[in-house]
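Student: Here's my sequence, what's the structure:
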Amino acid sequence: MKLYTYFRSSASYRVRIALQLKGLSHESVPVHLVRGEQKASAYADHVGDALVPSMELDDGHRLTQSMAIIEYLDETHAQIPLLPSDALGRAHVRALAQMVACEIHPLNNLRVLKYLVRDLGVSDEAKTGWYAHWARMGLEAFERQLALLEAERRADGLAPSIFCWGDTPTLADCCLIPQVFNAQRFNVDLEGLPRLMAVVERCNALPAFQLAHPSACPDAE
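Tutor: Now for the predicted structure:
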């Protein structure tokens, strides 16, 4: 498999974590977003939205969108599942993952930030404020959801979660860690998020997350 990635792309980071958790070998093919390499025909002709990540399978098929790629990997490589075995658990994990992928990330994507500055004339200070506002709001919501899920597990007689849901990393953790990494890059205030940050600390102590970290990528700058 070939993973087309950019070291600072949080969506690519999600897939790298999933690959490492599952122990799947792959070739990493860097696509430099800041230089616009994703727009070159060599890449864009094969990927409709010209974004990363994308994945080329051994048989030549191409996959796009990080969430779809991770669920494909989970369905085709059952070892170390990233979704719970029960429908309720899967719904909770997907909801947490989508809080990041559908609510926080789109507002803080590189192309959105570029548009704010280049087309709307927003200052760098205002751009950073935009990022911090939406990232903090989204992470606060994530923290509240973790608290609600904690209470639900308690009521159902389940042990407290070690990670976002349960005692092993899931799709939700694959999404949360890159988002927090980027928030830290932009100096977003992460105080007052005890459950969320405890999950981040546990994840980042695992080799799979360390190997997927942007600093471990071949294109890291």
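
Student: going forward, measure contacts and count neighbours with C-alpha atoms only.
Tutor: OK.

Student: and residue 147, what does it touch?
Tutor: When contacts are counted by CA atoms under 8 Å, 6 or more residues apart in numbering, residue 147 touches residue 195.

Student: is it fair to say it lies in a helix?
Tutor: Yes: using DSSP: H, G, I helix; E, B strand; the rest coil, the secondary structure at residue 147 is a helix.

Student: any idea how far the residue lying closest to residue 51 once chain neighbours are set aside is from residue 53?
Tutor: Closest residue in space to residue 51, ignoring its immediate chain neighbours: residue 38 at 6.3 Å, by CA to CA, 6 or more residues apart in numbering. With distances taken as CA to CA, to the nearest Å, residue 38 is found 10 Å from residue 53.

Student: where does residue 79 land on pLDDT?
Tutor: Per-residue confidence (pLDDT) for residue 79: 87.

Student: mind checking which helix or strand it is in?
Tutor: Residue 79 belongs to no helix or strand when assigned by DSSP states H and E.

Student: That one contacts residue 21, doesn't it?
Tutor: No: using CA atoms under 8 Å, residue 79 is not in contact with residue 21, being 9.3 Å away.

Student: quick one, which of the two is more surrounded?
Tutor: In terms of neighbours (other CA atoms under 10 Å), residue 21 is the more surrounded of residue 79 and residue 21; the figures are 22 against 12.

Student: which one is the more buried one nearest to, not counting chain neighbours?
Tutor: residue 208 (5.3 Å).

Student: In a strand, that neighbour, correct?
Tutor: No: Residue 208 is assigned helix when assessed by three-state DSSP, not a strand.

Student: All further residue positions should be reported with the first residue as 39.
Tutor: Okay, using 39 as the starting number, the last item reads as residue 246.

Student: For the most centrally placed residue in the chain, give me the backbone phi and psi.
Tutor: Nearest to the mean C-alpha position of the chain, by CA atoms, centre = their mean, lies residue 213 at 3.1 Å. For residue 213, the backbone dihedrals (degrees, to the nearest 10) come out as phi -90, psi -40.

Student: check contacts around it.
Tutor: Contacts of residue 213 by CA under 8 Å, 6+ apart are 48-49, 52, 135, 138-139.

Student: Okay, the residue nearest to residue 59 and residue 240: tell me how far apart.
Tutor: Residue 246 is 12 Å from residue 240, by CA to CA.

Student: neighbour-wise, which of the two wins?
Tutor: residue 246 (18 against 13).

Student: Touching, the more buried one and residue 62? I think so.
Tutor: No: the pair residue 246 / residue 62 is not scored as a contact, 10.9 Å apart, by CA under 8 Å.

Student: sec struct for residue 56, please.
Tutor: helix.

Student: Report how many residues lie close to it.
Tutor: Neighbourhood size, residue 56 [other CA under 10 Å]: 29.

Student: dump the residue contacts of it.
Tutor: By CA under 8 Å, 6+ apart, residue 56 lies in contact with 108, 120, 209, 212.

Student: Let me know the closest of these to residue 175.
Tutor: residue 212 (19.6 Å; CA to CA).

Student: From residue 181, how far off is the residue nearest to residue 89?
Tutor: As judged by CA to CA, residue 76 and residue 181 stand 34 Å apart.

Student: And for stretch 137-157, what's in contact with it?
Tutor: Against stretch 137-157 from outside (CA under 8 Å, 6+ apart): 160-162, 165, 169, 172-173, 176-177, 180, 213-214, 217.
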